[in-house]
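Colleague: Below is the structure, and that's it, no one-letter string:
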């Protein structure tokens, strides 16, 4: 057709020139491709241990043998099947959990000689293998009890007392060695639960943590490690943690969330000889004007007989002041949102994706006598809000806990608490 450009026919000299040019370009691309760094994708930065919903299986691997002369006798741990059958883990999976956080009482480990440590670590990981065989992923948590509760020390003394941090490093090394021999997508290791080192002193806890990460990485370079901020492992400590000296893409940063503590821990104040202290104030959540009236009235009824004792007035007035401050502060779901926003902002500051945060503990105790009748509904609402805020940000979580007074079962009937499972977004009967 006249007046229109004509494409060269295949096999013409001009077409051969184009072929030679394309061949040269292709050869250059192949030669240079090893020198070009691949573009990272979102999946490249995710840890090997990928989970969503978990539960702390306290009190599993928690009960030690008797102590004599400061040492735990025999195997170090009472056989778990005697008080926590492995069949429970099948139930956990059926509820919809994909992993368990395994708080291991570190006492029998740090107070062990070399041979005892190896044998006790083997026993712990034999349980890990049994749980994994049931289809659950396992986060092994090196967990420090309170002093006097199955332990002669606490998280602070484990770091500060002579020789104790070296003992902890030996435990981390033994656990990391065994973690490394398990699949990286099935087993992870948490290095220290709720450390109590001062978190306002820049670099203090980071120095300890850098050492523990280095010890673990020596044996387990490809497995996910879980670390946390100091001052109890909560939001306060996380926001003051500088991970730049030890961070890698296979580290999760744990956050424990029990806020507001007045609501979460009401009714569980220690019983002392002071009668008045046995009647802590009671709280609603969210904290609104209607709840304030209910709390003041209920507290007044609890302590009515104490107003005739002038020695109790100071304590009672201080408790009424706590009620006033709590409701004036007005805790509600907005505070939960703000707290998670702060955690995300901290992660962004250090280029850490939200999927590398880990809500390692959150929970609220089951109802007990003396609390307001509406407490259980408030508790379920709080659980739902916290869980949904974590999930909305892609943060995996583990509820505290399977048993005990925070547990997933009615303590009288032993039946699963279907309402709790709904609040946690799980399967229920």
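Modeller: Here it is on my side, so go on. Keep in mind that what you see is a predicted model, and the values were worked out from it rather than measured. Residues are numbered from 1 along each chain as shown.
Colleague: all strands of this structure, in order?
Modeller: Counting by DSSP state E, the chain has these strands, from start to end: 53-56, 67-68, 71-72, 99-105, 137-143, 187-190, 225-228, 251-257, 357-362, 397-399.
Colleague: looking at those strands, which is closest to residue 381?
Modeller: If you check each of those against residue 381 by C-beta to C-beta, strand 357-362 wins as the nearest, at 13.6 Å. To be clear about C-beta, it is placed using only N, CA and C from the backbone, and glycine gets the same treatment.
Colleague: In terms of secondary structure, what does the closest one contact?
Modeller: Packing contacts for strand 357-362, counted by 3 or more C-beta pairs under 8 Å, 6 or more residues apart in numbering; DSSP states H and E, involve strand 225-228, strand 251-257, helix 333-349, helix 375-392, strand 397-399.
Colleague: Give me the distance from that strand to the chain's centre.
Modeller: 3 Å (C-alpha atoms, centre = their mean, to the nearest Å).
Colleague: in it, what counts as buried?
Modeller: Buried residues in strand 357-362, counted by 16 or more other C-beta atoms under 10 Å: 357, 358, 359, 360, 361, 362.
Colleague: Touching that strand from outside, list them.
Modeller: Here strand 357-362 makes contact (C-beta atoms under 8 Å, 6 or more residues apart in numbering) with 56, 101, 141, 190, 226, 228, 233, 252-258, 343-344, 347, 383, 386-387, 390, 393, 395-401.
Colleague: Same question for stretch 134-141.
Modeller: Stretch 134-141 is contacted from outside by 49, 51, 54, 56, 86, 89-90, 92-93, 97-104, 124-125, 128, 131-132, 175, 179, 185-190, 193, 226, 360, 398, using C-beta under 8 Å, 6+ apart.
Colleague: Out of the helices and strands packed on strand 357-362, which is closest to residue 148?
Modeller: strand 251-257 (21.1 Å).
Colleague: That closest one pairs with which strands?
Modeller: Strand 251-257 pairs in its sheet with strand 225-228 (parallel), strand 357-362 (parallel), by DSSP bridges.
Colleague: Using TSV, lay out the strands of the chain together with mean pLDDT and distance to residue 300.
Modeller: Output for those, formatted as TSV (pLDDT from 0 to 100; distance: least, C-beta to C-beta, whole Å):
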stretch	mean pLDDT	distance to residue 300
strand 53-56	98	37
strand 67-68	89	45
strand 71-72	89	48
strand 99-105	97	39
strand 137-143	98	40
strand 187-190	98	44
strand 225-228	98	40
strand 251-257	98	31
strand 357-362	98	31
strand 397-399	98	34
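Colleague: Any chance of a markdown table for those, columns distance to residue 217?
Modeller: Shown next, in a markdown table, are the strands of the chain (distance: least, C-beta to C-beta, whole Å):
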| stretch | distance to residue 217 |
| --- | --- |
| strand 53-56 | 24 |
| strand 67-68 | 33 |
| strand 71-72 | 29 |
| strand 99-105 | 20 |
| strand 137-143 | 15 |
| strand 187-190 | 11 |
| strand 225-228 | 8 |
| strand 251-257 | 10 |
| strand 357-362 | 18 |
| strand 397-399 | 23 |
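Colleague: confidence score at residue 386?
Modeller: The confidence metric pLDDT takes the value 98 at residue 386.
Colleague: Please shift the residue numbers so they start at 14 in all later answers.
Modeller: With the count now opening at 14, the last piece we talked about shows up as residue 399.
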